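# Dropping a prediction and its sequence here:
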Amino acid sequence: MPRKKPTPEAAAALKPQPKSAVEKALDKLGLHRPIDFALHLPIRYEDETKIKKLEDALDGDNAQIEGEITSCEIAYRPRRQLVAVLNDGTDSCQLRFFNFYPSQQKQLAVGARIRARGELRGGMFGWQIVHPVCKAAGSALPTSLTPVYSTVAGLPQAYLRKAVVNGLARAESSGALRETICSEILSKIGQSAAWNLREALSFLHYPSPDVTLAQFEDHTHPAWQRLKIEELLAQQLSQLTSKMERDALLAPSLKAQKGGLHEKLLATLPFALTKAQQRVSEEIAQDLSQTRPMHRLLQGDVGSGKTIVAALAAAICVDAGQQCALMVPTEILAEQHFRKLVVLLEPLFEPLNLKVAWLTGSQTAKQRREALALIESGQAALVVGTHAIIQDKVIFKNFALAIVDEQHRFGVAQRLALRAKMNAPGHEPHLLMMTATPIPRTLAMSYYADLNVSTIDELPPGRTPILTKVLSDSRKDQVIERIADQIKRGRQVYWVCPLIEESEMLDLSNATQTHQELTEAFPGMLIGLLHSRMPPAEKKAVMQLFTSGEMKLLVSTTVIEVGVDVPNASLMVIEHAERFGLSQLHQLRGRVGRGAAASACVLLYSTGESGRLGDTAKARLKAMAETNDGFEIARLDLEIRGPGEFLGARQSGAALLRFADLLEDAALLERIRSVAPLILRDHAELAAQHIERWMGGKVDFLKA
Ligand code: ADP
Ligand code: MG
């Protein structure tokens, strides 16, 4: 059949249309399906249901008044403005506009009857409202409070209000608001008299005026409770579902061989494992022996010895004839892990004709080619590298174990890509994620509900606790004396300058300037400088000088944040400590205190022009001085900052909780967590509807 040429209209309809400003704005807010609009709840309300008489008004009232315009003119002092006067029969009120259009002037013509709304200010010259919202008087008053929604540029409030009304109606008629939590479950959660979702939403979108604003702020209201339950349940159900889906996948069962690498590695270690290291190693070995993919988070404070636990897991994998990859966030860390693991494993690998391969972005083309060949042939039993490991060109022969160090530094997509390196449908590699930022219990119960967690809760013996001092940067001289003293004793020192987010250049000049100052303070001494803009080869060279002990003092931006291990370093100075987050400070501090020598961390703060520290900064520095315990730090950080920090990449895909609060609602979360498996078992259909309602297309992000 001859193909007909499409008409111009049909062709236009086929072409993807560019998105309108409104569509883009809706995208930004994640508003697509009717249910998304229905769940977009007001951030506050305005009361347009009443008219206030000026004689009853109080200074500061947010009110609506109505009356006749008695004058309207443009004044020029102190600056150009439109000033109209409205008289409501009890008093007059000035309406002032600093920006105005001719149309407004026309609307406010003398004799017009106007309804004006805004913040009433009483003063020497009587009542006034600056920039009131005005409309013609006379229309019927609304019967519910007016919702105000969070919005973005290009999306007027009035449009959004209509879209929400519409979305709510469509959600309801399409059945998207159907009850998905049966009464038996509600009573198990302790909410037998709970509102249903439809009631809760219409209450929150269009509250009747007899509800006080205080009732909305109090999140214990049944409408709010219902939304919290819905949200927490959706989160628990979707995580459980993805866990069940993963459990249905296959992974190679990895078992340590008698007399194999695992045993040999244990025998050659220069130290005995701590009890905690033994315990977590057993948990991991147990997981690896299963045909179900491991999904385990190994958490342990900085310096608790996670690397060796990872190496032992790798040894089991190699024993079973499979390949393991260790992915780390920075080149420096990759290099350091590689060196350590080569020393430990290469002698054991050699008789088996196996190798440890190294893969980073800064390799030469030749090195890269060699590494890729080793990996593809299967001879590289362990591959250590940065995210270079997940590039398409990297092909494994028999990949079975993925280890991700400092897991929160990687994105969801990167972790998914690593797992995809095992190219067999229905199969997944075992996954071990490591972190030094322990996840507080409430978070572990919610965002990480699908994860098994192993915890190293003990440091290797012989460590002396780090002494932390908080000092104003006006006392730098004292710090320099202290540095001189440490160096005289043969120790090494880190000096960290903060990253200034807005400007990489500033960040650099800051570190360079400090380097300069210290060079002047210690004439003739070799002082290193390390920052993010240096070419990798230069970074490597500096790091090598410091590791070998030739360089005593290293000035650095936060590139040293994770993982570097120089046991002879005994003093850490952090400049502008007030700009760092709590976990970051703790990680940095963990770079010292790795040997037997007494170590110290000096937190230098600057109060800048204001002359005082902010409350949050103060709380952080105080916490640092008071405790060395990573778990305590994590708990305080959650309190000070909220969950964002811990979730890292997870938050980019999964909406953070909008209604529930992990600290406030911990008890509710616990009850919901305990009923979620029951719902999946007995009401699978409803559970699926519930997840779809809340998660839509976002579910995938939760799986990584
Ligand atoms: P992290 O958990 O921060 O990654 P590392 O794995 O880098 O810690 O270990 C920190 C230091 O402790 C390393 O120098 C490592 O060799 C050493 N170490 C690890 N386990 C033990 C142990 N059981 N006894 C003594 N030293 C240990
Ligand atoms: Mg580490």
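Great, that's in hand. Ligands and ions are numbered 1, 2, ... in the order given.
# what bits of the chain have low per-residue confidence?
Along the chain, segments meeting pLDDT under 70 span 1-17, 213, 499-509, 558-563, 641-656, 697-704.
# Could you list the residues of the stretch 201-350 of the chain in contact with ligand 1?
271, 273-274, 277, 300, 302-308 (Cβ under 6 Å from any ligand atom). Every C-beta, even on glycine, is put in place using the N, C-alpha and C of the backbone.
# And for the chain?
Close to ligand 1, as judged by Cβ under 6 Å from any ligand atom, the chain has residues 271, 273-274, 277, 300, 302-308, 436, 460, 565, 567, 594.
# Report the buried members of the residues you listed.
Using 16 or more other Cβ atoms under 10 Å as the burial test, those include 273-274, 277, 300, 302-308, 436, 460, 565, 594 as buried.
# Okay, and which of those residues map to strands?
Counting by DSSP state E, these place G300 in strands.
# then stretch 45-54 to PDB, C-alphas only?
C-alpha atoms of stretch 45-54 as PDB (Å, rounded to 0.1, in the frame of the first residue of the first chain):
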ATOM      1  CA  TYR A  45      -4.000  29.300  54.600                       C
ATOM      2  CA  GLU A  46      -5.500  32.700  54.200                       C
ATOM      3  CA  ASP A  47      -8.800  33.600  55.800                       C
ATOM      4  CA  GLU A  48     -11.000  35.400  53.300                       C
ATOM      5  CA  THR A  49     -14.200  34.200  54.900                       C
ATOM      6  CA  LYS A  50     -14.700  37.200  57.100                       C
ATOM      7  CA  ILE A  51     -14.600  41.000  56.700                       C
ATOM      8  CA  LYS A  52     -13.000  42.800  59.600                       C
ATOM      9  CA  LYS A  53     -14.300  46.100  60.800                       C
ATOM     10  CA  LEU A  54     -11.400  48.500  61.400                       C
END
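# The nearest residue in space to S556 that is not next to it in sequence: how many residues sit nearby?
Among residues not flanking S556 along the chain, L530 sits closest, at 4.0 Å (Cβ to Cβ, 6 or more residues apart in numbering). Counted with other Cβ atoms under 10 Å, residues neighbouring L530 total 23.
# Would you list the phi and psi of L530?
With angles defined as degrees, to the nearest 10, L530 sits at phi -130, psi 120.
# Which residue is the nearest non-sequential neighbour of D301?
G630 is the one closest to D301 (Cβ to Cβ, 6+ apart), at 3.6 Å.
# ranges for the helices of the stretch 51-200 of the chain?
Taking DSSP state H, counting those that start in this stretch, the helices of the stretch 51-200 of the chain run over residues 102-107, 157-173, 183-188, 197-205.
# ok, back up a step: quick one: which of the buried ones among the residues of the chain next to ligand 1 sit in helices?
Those of these mapping onto helices are 277, 306-308, per DSSP state H.
# Now do the domain split for this protein, please.
Domain ranges of the chain: 50-141, 261-456, 466-627, per automatic domain parsing.
# what's the most buried one of those domains?
Most buried of the domains of the chain by mean neighbour count (mean count of other Cβ atoms under 10 Å) is domain 261-456; its value is a mean of 19.
# Okay, now it: how far is its last residue from its first?
Domain 261-456 has an end-to-end distance of 23 Å (Cα to Cα, to the nearest Å).
# now swap in stretch 118-131 and tell me
End-to-end distance of stretch 118-131 (Cα to Cα): 7 Å.
# can you check stretch 555-574 too?
Stretch 555-574 stretches 10 Å from its first residue to its last (Cα to Cα).
# starting at the chain centroid, how far to it?
The chain centroid and the centroid of stretch 555-574 are separated by 24 Å, computed with Cα atoms, centre = their mean, to the nearest Å.
# can you list the domains of the chain in CSV and add distance to D661?
Listed next are those as CSV, based on distance: least, Cβ to Cβ, whole Å:
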stretch, distance to D661
domain 50-141, 27
domain 261-456, 10
domain 466-627, 18
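# Quick check: buried residues in stretch 657-667?
Buried residues in stretch 657-667, counted by 16+ other Cβ under 10 Å: 657, 659-660, 662, 665.
# longest strand of the chain?
strand 62-75.
# Tell me which residue in the stretch 351-500 of the chain sits closest to ligand 1.
Minimum separation of the stretch 351-500 of the chain from ligand 1 (Cβ to the nearest ligand atom) falls at P460, amounting to 3.3 Å.
# just the buried residues of stretch 657-667 now: which is nearest ligand 1?
Nearest to ligand 1 among the buried residues of stretch 657-667: L662, at 26.1 Å, using Cβ to the nearest ligand atom.
# how about that closest one, secondary structure?
At L662 the chain is in coil, as set by DSSP: H, G, I helix; E, B strand; the rest coil.
# Isn't L526 up against S548?
No - look at L526 against S548 with Cβ atoms under 8 Å: they stay out of range, at 11.4 Å.
# quick one, what contacts the nearest residue to L29 once chain neighbours are set aside?
Among residues not flanking L29 along the chain, V152 sits closest, at 6.3 Å (Cβ to Cβ, 6+ apart). With contact set as Cβ atoms under 8 Å, 6 or more residues apart in numbering, V152 has these partners: 25, 28-29.
# tell me the phi and psi of V152?
Dihedral pair for V152: phi -130, psi 170, per degrees, to the nearest 10.
# measure it to ligand 1 for me?
41 Å (Cβ to the nearest ligand atom, to the nearest Å).
# again, but for H576
Going from H576 to ligand 1 by Cβ to the nearest ligand atom gives 24 Å.
# In contact with that residue, which residues?
By Cβ under 8 Å, 6+ apart, the contact list for H576 reads 473, 497-498, 604-606.
# Give me the subset of those residues lying in helices.
Of the contacts of H576, none are assigned to helices by DSSP H.
# Go through those and name the one nearest M327.
P498 (26.7 Å; Cβ to Cβ).
# The helix or strand hosting M445 - contacts with which helices or strands?
Under the criterion of DSSP states H and E, M445 resides in helix 441-446. Applying 3 or more Cβ pairs under 8 Å, 6 or more residues apart in numbering; DSSP states H and E, one finds that helix 441-446 makes contact with helix 222-247, helix 666-682.
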